[in-house]
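**Q** whatever this is, show me its structure:
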Amino acid sequence: MKKISIVTPTFNEEENIERLCHEIKHEIEKLNYNYEHIVIDNCSTDKTIDKLREIASKDKNVKVIINSRNYGHIKSPFYGMLQSSGDACILMVADFQEPMDLIPKYITKWESGSKIVLGEKIASDENNFMFTLRKLFYYFLNKISETKLSTNTTGTGLFDKEVINRLKKINDPYPYFRGLISEIGFKIETIKFHQPLRKFGITKNNFFTLYDLAMLGIVKHSRMPLRFMTLLGFIASFGCLLVAMVYLILKLIFWNSFTLGSAPTLIGIFAISSIQIMLLGLLGEYIGIILLHQRNMPLVIEKERINF
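**A** Predicted coordinates:
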């Protein structure tokens, strides 16, 4: 009998975790598969870990990894998937914003031969501004990316064991998962769904986590910003030279009546300085990724394992 691995990353999900494990078990038991449910917890500060220990003591199919600290929303889910042992691995979030009926739909697609099946949001009950902003970002990212990326996907979905084995060979300490699965070459199928609002708990996404994810996607999958910096440098240099020549000619022609003043100089200095700061920040993002790779740190360090 084939085995399905379900991987769920958690952080402070005490209001969701019991219901989540129960509903996943209910969905899988309706199907003819063995299963394991791996919950990887980012060192929660509420009662999530206590509840996970209790659940795992009653259900040996529930396997728990507790990280030594909070490793964030990028590294922890990826590490959890690499620990799966099933013929296919399904990544499901803990906030119920991906409906449970996606599980049998993923498996049906997989059984028909698909190696990667992703959930694609066609609509969402979240803030309309955020939903539109995400769509625009993925459109922009696809335009500048060297690899075509899946749009409007949350990263959750089903991944065949062959895909997981391929991912295990990639030594990336800070992976942009949505881009990574596009780069390894497997055909990606999608299942459309309507994303509901989180019912319990507080979302862990904020401006900084979303900015981190956006910048990671850009620097991991496009050299266009670096080339833009070079091009902008040429254009700015030529523009400054042109303006300087115009001022010089006007000063020579109208020596007594033409005054330069300090305003153009100050405006020019502030404008060029702002552009330099922005471009240095962008360059720093690329250097930061290089540093992460050079340090060769593990994705996460485990504190405890249960039922493995």
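**Q** where do the helices sit along the chain?
**A** Ranges of helices within the chain are 17-29, 48-58, 72-82, 102-111, 128-144, 161-168, 177-183, 207-221, 224-253, 263-295, based on DSSP state H.
**Q** what is the fifth one packed up against?
**A** What it means is helix 128-144. strand 116-124, helix 207-221 (3 or more CB pairs under 8 Å, 6 or more residues apart in numbering; DSSP states H and E). For glycine as for every other residue, the C-beta is placed from the backbone atoms N, C-alpha and C.
**Q** same deal with the last one?
**A** In terms of contacts (3+ CB pairs under 8 Å, 6+ apart), helix 263-295 is packed against helix 207-221, helix 224-253.
**Q** go again with 6 Å.
**A** helix 207-221 (3 or more CB pairs under 6 Å, 6 or more residues apart in numbering; DSSP states H and E).
**Q** so which residues make contact with the helix it packs on?
**A** Residues outside helix 207-221 that contact it (CB atoms under 6 Å, 6 or more residues apart in numbering): 137, 141, 145, 147, 176, 179, 285-286, 289.
**Q** got a PyMOL select line for the buried ones in the residues you listed?
**A** A single PyMOL command selects the buried members of the contacts of helix 207-221 (16 or more other CB atoms under 10 Å):
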select buried, resi 137+141+145+176+179+286+289
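**Q** make TSV out of the contacts of helix 207-221 and add distance to residue 37 and pLDDT.
**A** Listed next are these as TSV, based on distance: CB to CB, whole Å; pLDDT from 0 to 100:
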residue	distance to residue 37	pLDDT
137	32	76
141	32	75
145	33	74
147	32	72
176	26	81
179	27	79
285	36	77
286	38	78
289	33	73
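**Q** which of the contacts of helix 207-221 lies closest to residue 88?
**A** residue 179 (21.1 Å; CB to CB).
**Q** how about that closest one, what does it touch?
**A** Contacts for residue 179 (CB under 6 Å, 6+ apart) come out as 149, 220-221.
**Q** what subset of those is buried?
**A** The buried subset of the contacts of residue 179 - by 16+ other CB under 10 Å - is 149, 220-221.
**Q** residue 70: which of those is nearest?
**A** Of all the buried ones among the contacts of residue 179, the one with the least separation from residue 70 (CB to CB) is residue 220, at 21.8 Å.
**Q** which pLDDT value goes with the residue lying farthest from the centre of the chain?
**A** Distance from the centre of the chain peaks at residue 256, with 61.0 Å (CA atoms, centre = their mean). At residue 256, the model reports a pLDDT of 71.
**Q** would CSV of the helices of the chain with distance to residue 93 be doable?
**A** Below are the helices of the chain laid out as CSV (distance: least, CB to CB, whole Å):
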stretch, distance to residue 93
helix 17-29, 9
helix 48-58, 14
helix 72-82, 9
helix 102-111, 11
helix 128-144, 16
helix 161-168, 18
helix 177-183, 13
helix 207-221, 14
helix 224-253, 30
helix 263-295, 25
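**Q** quick one: closest of these to residue 90.
**A** helix 102-111 (5.8 Å).
**Q** what sits up against the closest one?
**A** 27, 88, 90, 117, 119, 158, 189, 191.
**Q** pull out the buried members of these.
**A** Buried members of the contacts of helix 102-111, scored by 16+ other CB under 10 Å, are 27, 88, 90, 117, 119, 158, 189, 191.
**Q** need the residues you listed in JSON lines (columns: pLDDT and distance to residue 226).
**A** Conversion of the buried ones among the contacts of helix 102-111 to JSON lines gives the following (pLDDT from 0 to 100; distance: CB to CB, whole Å):
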{"residue": "27", "pLDDT": "91", "distance to residue 226": "45"}
{"residue": "88", "pLDDT": "96", "distance to residue 226": "38"}
{"residue": "90", "pLDDT": "96", "distance to residue 226": "37"}
{"residue": "117", "pLDDT": "94", "distance to residue 226": "34"}
{"residue": "119", "pLDDT": "89", "distance to residue 226": "33"}
{"residue": "158", "pLDDT": "96", "distance to residue 226": "35"}
{"residue": "189", "pLDDT": "91", "distance to residue 226": "33"}
{"residue": "191", "pLDDT": "91", "distance to residue 226": "36"}
